[in-house]
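>>> quick one, fold the following:
(one chain, ligands or ions: 2)
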Amino acid sequence: MKRILLPISVMIGLAFAKSDLVQSSFGDLRCQGCRTVVQALSDRLTTDPFVSAINVLIGDKYDALSIAQSLSQLIITPDYFCSKVTNLCEGKAQYQEVDPQDDIHNILKDKPNHISNNFINELYEELGNRRYIAAPKRLKFLHISDLHLDLFYEEGTISDCGQSYCCRNDTYIGQGSNKAGKFGAVVGNCDPPKVTLQDALNFIKEKINPDVIVWTGDNSPHDGYRTSEWEVTLNTNVTTQMIQQTFPHLLNATYAVFGNHDNFPNNNWNFKTGSPAAQNSMSMWKPWIDPEKFEQFQKTGYYSQRLKNINYKLVQVIALNTQSCDINNRFVMSELYDPNNQIEWLINELKLVEQNDGVAIIVQHIIPEECSESYAVRYRAVLERFQHIIRLNFFGHTHADKFKVSRAYDDQNSPISMLHVCGSISTWGGNPSFCVYEVDEDTMLPVSRQTYAFDMAKANQDGFITWDLYTDWLITYELKDLSPNSFVEFANKVKQDGLLARQYNQRARRDYNLSGFCDDNCRQNAYCEMMTQSLEEMSQCQGKSFPYDMGGDIVNGILQYLQNPWVKVQDKKEKLHKWN
Ligand SMILES: [Zn+2]
Ligand SMILES: [Zn+2]
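Ligands and ions are numbered 1, 2, ... in the order given. Below is the predicted model of the structure:
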């Protein structure tokens, strides 16, 4: 039994030790006793004393409340705790852990026989050999992510102030000596001001002129400890307004998703009640979302609609809500199975696209290795099952300009598709950047990827921003094309070549001072990030023994552990036969 919450078990155990019922030899009485105690605990879990106790452990009162709410929705309920966690109600057990291999098998079993695990690579080969009479049609996709605008940014403050967030009016004094410049500060803990995003949008409009905008979330700054629900909503609203005013002609071609920073408290999306901070912004996205899709979007945070740029064939954009899998979303452990029903919905959407001879583009925020393991291994199976359908897969969240190769569950771990991860506009982790992809209209495969950035130190000195074509992926990294095979070849080179690995890591952060060295460990880590699709897989690749204890945070490690495996309710047939 993997779902064991040690501290809670101890708490309940103590309660039982004081109870006469524990002495009873009658199982029914023990079960009834458990139910009574757990119900009492569940009723009180979200009250001040309990939330304060959790706060002592984790040091964040809003997060503590989310943990309490989540526990009271499932793990600390009489049914679940007494039959699944303590087995005191054995015989009446309703909960059954699901072996992920069973679900992977179910997802893959109706993969069409004629689709080989080399489908996308072969399509790239064909594309490379194609001879054109007229110029091939291309669509230009802009990908912006992780804007994290700081609406209270103050130029002239200390950017490396020694606090968890700086560049505000209370950091004119502080530890460091770096000043917040006009356009932002890369040194220190700051997000950029509005002027920087507006400059980026103006440049994009004048010089890039995109056909499609993909915006992968995270709009509020990294000031979680002092922000509020209202401020998080304000950030999404202000950013939405800036994008809509700069690109009024692309209202039919903008696809946005929420990130973990678009909720309050950050990361937390309650699947029973929703995420007010995000949902309060949704009406502003109405110009972008088909009216008939809007109601579902309001409920779940995900939606799916046609790419309107092309009308002669179906290209479906599927926008996911990765709070359904975020390991830091406390409510992921409040759902027994497939939180927010996202995997089930995604499979159904992709089947519809398949039935209509279409292709799909997926837009989302969090990369799979920061999702619950249960989600990530199934998502990988979805990518394999629909590898002939999915042509683009956009991610943000890491603030790094990177990629991941998606691989099949076959003997060779065949590379089947690409995950494109774009860096941030925010200075949190590097110079601001955005990505541009040229997409072949026939195949809807990306044929070029370019990263634009600017040197913040220079811009602050000049008083204006000079955007550079910073990384032209095909040229800079000498890639033959953007196929999975080409990226595997590149990943293998990175594993061997310290200079290339160092360049890749520094370019990921848009560093203008390329220097230094990437040792064996650094190269292996870079390779593992490129080639794996779940936290457990990546940890294994990196030679770690236990994947869940992220950053030495034991409580967080336990909470992540509780998210796996998914559990089915035996008496609910629809759960048992979900993907059969
Ligand atoms: Zn972010
Ligand atoms: Zn994020």
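
>>> and the closest residue to ligand 1 within the stretch 201-350 of the chain, which of the three is it?
Proximity of the stretch 201-350 of the chain to ligand 1 (Cβ to the ion) peaks at residue 218, 3.4 Å away. (C-beta placed from N, C-alpha, C; glycine too.) With DSSP: H, G, I helix; E, B strand; the rest coil as the basis, residue 218 sits in coil.

>>> so who does it touch?
Contacts for residue 218 were tallied using Cβ atoms under 8 Å, 6 or more residues apart in numbering; they are 145-148, 259-262, 365, 396-397, 424, 426.

>>> one more pass at 10 Å, please.
Residue 218 sits next to 145-148, 191, 235-236, 239, 257-262, 266, 365-366, 396-397, 399, 424-426, 428 when contact means Cβ atoms under 10 Å, 6 or more residues apart in numbering.

>>> among those, which ones lie close to ligand 1?
Among the contacts of residue 218, the ones lying near ligand 1 by Cβ under 5 Å from the ion are residue 146.

>>> mind listing what's buried along stretch 186-204?
Residues of stretch 186-204 classed as buried: 186-193, 196-197, 199-201, 203-204 (neighbour count, 16 or more other Cβ atoms under 10 Å).

>>> closest to residue 40 among those residues?
Among the buried residues of stretch 186-204, residue 189 lies closest to residue 40 (Cβ to Cβ), at 42.9 Å.

>>> can you check the pLDDT for the closest one?
On pLDDT, residue 189 comes in at 96.

>>> again with residue 21
Here the pLDDT value assigned to residue 21 is 44.

>>> residue numbering should commence at 39 henceforth.
Right, with 39 as the first residue, what we last looked at is residue 59.

>>> wait, what's in contact with residue 462?
By Cβ under 10 Å, 6+ apart, the residues touching residue 462 are 182-186, 229-230, 254, 256, 434-439, 468-472, 547-548.

>>> ok, 7 Å please
Contact analysis of residue 462 by Cβ atoms under 7 Å, 6 or more residues apart in numbering lists 183, 184, 186, 437, 471.

>>> of those, which belong to helices?
Nothing among those maps onto helices, per DSSP state H.

>>> any chance of these in a markdown table, with pLDDT and neighbour count too?
Formatted as a markdown table, the contacts of residue 462 follow (pLDDT from 0 to 100; neighbours: other Cβ atoms under 10 Å):
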| residue | pLDDT | neighbour count |
| --- | --- | --- |
| 183 | 98 | 29 |
| 184 | 98 | 26 |
| 186 | 98 | 26 |
| 437 | 98 | 24 |
| 471 | 98 | 29 |
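
>>> nearest to ligand 2, of these?
For the contacts of residue 462, the residue nearest ligand 2 by Cβ to the ion is residue 184; the value is 6.3 Å.

>>> let me see the contact set for the residue nearest to the spatial centre of the chain.
Closest to where the C-alpha atoms of the chain average out (Cα atoms, centre = their mean) is residue 404, at 0.9 Å. Residue 404 sits next to 298, 360, 363, 364, 435 when contact means Cβ under 7 Å, 6+ apart.

>>> and with 10 Å instead?
Neighbour list for residue 404: 254-256, 295, 297-298, 305, 358-367, 413, 433-436 [criterion: Cβ under 10 Å, 6+ apart].

>>> turn the contacts of residue 462 into JSON lines, including distance to residue 352.
Formatted as JSON lines, the contacts of residue 462 follow (distance: Cβ to Cβ, whole Å):
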{"residue": "183", "distance to residue 352": "26"}
{"residue": "184", "distance to residue 352": "30"}
{"residue": "186", "distance to residue 352": "35"}
{"residue": "437", "distance to residue 352": "33"}
{"residue": "471", "distance to residue 352": "32"}
